[in-house]
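Enquirer: please find the sequence and the predicted model below.
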Amino acid sequence: ECEPAAVFVDVEYSVDSLVSHIHPESLATFIRKVIPLDTVKMAPVQVHAVVLSAFASIIAPFGGFFASGFKRAFKIKDFGDSIPGHGGLTDRMDCQVVMAVFAYMYYNACVKEVEVTIASILAQVQTLDPDTRLELYYALGNMLVGAGKLNNTE
């Protein structure tokens, strides 16, 4: 039997908690009127889809403005020379570049599940200077003593 990833499993969200961060307050009030429910049940993937689609429709088109300003600064008519023989093909991709960068950053920051293992923690500890490692050693010792897993030998 297939167990779906957590991002595909429905979660119950409080409408008030979803709109409490929206400013101005009049917009939050409007949303509460449109959604006359106390809770909404949806999968996190649906929330991610809304974020990506909102970015794609509101912000990504400004990639064209950015590229236009970039071309003007370097006195370039179009990006046709970047892929010889393709004319202004890359000019049609300006907003796609912005969207690709945002999607990559959003995935890595908000969607990707990071697997923490002892090996990955030790790899990070190896990057610390010796004094900080010693401080970590004592902090872990105190934590284990507090949890009753280690006798205090100090």
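Expert: Thanks, I have the structure now.
Enquirer: counting neighbours, what do you get for residue 56?
Expert: For residue 56, the neighbour count with other C-beta atoms under 10 Å is 16. Just so you know, the C-beta spots here come from the backbone N, C-alpha and C atoms, and that holds for glycine as well.
Enquirer: no wait, residue 98
Expert: 20.
Enquirer: list the contacts of the closest residue to it other than its chain neighbours.
Expert: In space, and not counting its chain neighbours, residue 98 is closest to residue 63: 3.4 Å by C-beta to C-beta, 6 or more residues apart in numbering. Contacts for residue 63 (C-beta atoms under 8 Å, 6 or more residues apart in numbering) come out as 94-99.
Enquirer: three-state assignment of residue 63?
Expert: helix (DSSP: H, G, I helix; E, B strand; the rest coil).
Enquirer: again, but for residue 46
Expert: Assigned state for residue 46: helix (three-state reduction, three-state DSSP).
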